[in-house]
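Novice: Sequence isn't available, so here's the structure alone:
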DNA sequence: CCCTGTATTTCGCCC
DNA sequence: GGGCGAAGTACAGGG
């Protein structure tokens, strides 16, 4: 990775056209050829950038550019899309290169997808004798997070949330209404499962005959072998 | 802006939990307090980050951390959301600070302003024999995007949007009503031009005798000479 | 490989 | 300021 702090202006032409007036910025050149132009603020998003795969060509400024104070022109182009980023460098304040190596990458945890995977593996948390039918059971109005059967063989639809809010209860209610019209599935009972269930959501759910299940994520993860990367 | 290249591991706890194993990375510390952790590849998105407003505290590693090779611990926390980013630094390879100043910001193009400029230049897209009167034609209730004349010399008012929604049709309707009361202009016909016109907007427009025109931005840009600053 | 849905989304517009 | 929709969205997972 090469880091350059330089006074520069930047032009981009691709899906849109964009221009950055002359100012001092960080130019990050990654080893895959991508270029990021960062200011000293804002969000994690660069002011402008070029995604890999792309190639950087250093050009000599023409007379008009030299006249304007440009000492170097970087032309970053992407073969596929014909997008182009042009960095006109006026003054370089810092320039250093660093060997970083390949990054092992981010390990995410705690999302709904993981909860769903864990609950599917530990389906007995729904109650003794429960068996998994499938995750993401498709209905006409969208996928039910988990479809299971209880000890009696009756269908159980599970709506899973990290935070159990009223919206989730409404969602599950719609699924249940639809599924109970299907003679192959009916009767279908509902389980609203979340790490945390808001009192209003619990009241609404129980009023509609939907069972609430608070999930202990840490305990579920502790029981899971494949998910215990972090410890 | 401070740039640090360091061998480090990173832990994040907030909306989700995430972990970055020990590796060499770029740590970008912006003047607004935000921190970005970048690898030497991937996209413009950092591996991990903390959005402003946040505060960085440098801690001494405890015995266990020292044992593991940690020389410094950065604790970046956000008061509002209680999100926390912890960077455990093992070895610093580079450390430099730079004064960048406030960035003038990105000037985007290819939005409505650019569409208006292009359509004014390619006014024949409205139909054969059309001529431009002027852009931003002022009326008592605001500027009409484009005023033109058709082959018969009749006035044509154009409302331009990137996304053609009902609001735009209502806007054009108000202009037309006003302009048709002006004997110098009347009769004025309306054209609702956009890159994409919503079905509801189209129905409403056509019901009111307003012609709909879908613009192919790429084709229009391809025909345009002046927009190619880069070449 | 394409499609679809989510995101620690971010960003801009409009009310 | 809050809500909503787009983004040069990026990114992962399923069919």
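Specialist: Perfect, I can see it now. Keep in mind that this is a model prediction, so the values were computed, not measured.

Novice: Can you show me the strands along chain A?
Specialist: With DSSP state E, the ranges of strands along chain A come out as A:2-13, A:17-29, A:35-38, A:48-50, A:55-59, A:72-77, A:84-97, A:107-109, A:131-139, A:142-149, A:155-164, A:188-197, A:211-214.

Novice: Tell me the strands beside the first one, with direction?
Specialist: Looking back up the chat, that one is strand A:2-13. strand A:17-29 (antiparallel), strand A:84-97 (antiparallel) (DSSP bridges).

Novice: again, but for the fifth one
Specialist: Strand pairing for strand A:55-59, determined by DSSP bridges: strand A:72-77 (antiparallel).

Novice: List the buried residues for the partner strand?
Specialist: A:72, A:73, A:74, A:76, A:77 (16 or more other Cβ atoms under 10 Å in any protein chain shown). The way it works is simple: take the backbone N, C-alpha and C, and place the C-beta from them, glycine included.

Novice: ok, now stretch A:57-68?
Specialist: Using 16+ other Cβ under 10 Å as the test for burial, stretch A:57-68 gives A:61, A:65.

Novice: before we move on, what about stretch A:84-104?
Specialist: A:84, A:85, A:86, A:87, A:88, A:89, A:90, A:98, A:100, A:103.

Novice: Relative to residue A:219, how far out is the closest residue to DNA strand C within chain A?
Specialist: Chain A approaches DNA strand C most closely through residue A:43 (3.4 Å), counting by Cβ to the nearest atom of the strand. For residue A:43, the distance to residue A:219 equals 36 Å [Cβ to Cβ, to the nearest Å].

Novice: ok, now residue A:212?
Specialist: Taking Cβ to Cβ, one finds residue A:212 at 17 Å from residue A:219.

Novice: out of the two, which sits in the busier spot?
Specialist: residue A:212 (18 against 12; other Cβ atoms under 10 Å in any protein chain shown).

Novice: residues touching the more buried one, list them.
Specialist: A:164, A:191, A:192, A:193, A:197, A:201, A:202, A:205, A:206 (Cβ atoms under 8 Å, 6 or more residues apart in numbering or on different chains).

Novice: I'd assumed residue A:204 was in contact with the third one.
Specialist: No: using Cβ atoms under 8 Å, residue A:192 and residue A:204 do not qualify as a contacting pair, with a distance of 9.2 Å.

Novice: Now render the strands of chain A as CSV, adding distance to DNA strand D.
Specialist: As requested, the strands of chain A are exported to CSV (distance: least, Cβ to the nearest atom of the strand, whole Å):
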stretch, distance to DNA strand D
strand A:2-13, 5
strand A:17-29, 6
strand A:35-38, 8
strand A:48-50, 4
strand A:55-59, 13
strand A:72-77, 9
strand A:84-97, 6
strand A:107-109, 8
strand A:131-139, 6
strand A:142-149, 9
strand A:155-164, 14
strand A:188-197, 18
strand A:211-214, 21
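
Novice: Please identify the most buried of these.
Specialist: strand A:35-38 (a mean of 24; mean count of other Cβ atoms under 10 Å in any protein chain shown).

Novice: ok, is that one in contact with DNA strand C or not?
Specialist: No: Strand A:35-38 lies apart from DNA strand C when judged by Cβ under 7 Å from any atom of the strand; the minimum separation is 10.7 Å.

Novice: So for that strand, mean pLDDT?
Specialist: The average pLDDT within strand A:35-38 is 96.

Novice: name the helices or strands packed onto that strand?
Specialist: strand A:17-29, strand A:48-50, strand A:84-97 (3 or more Cβ pairs under 8 Å, 6 or more residues apart in numbering or on different chains; DSSP states H and E).
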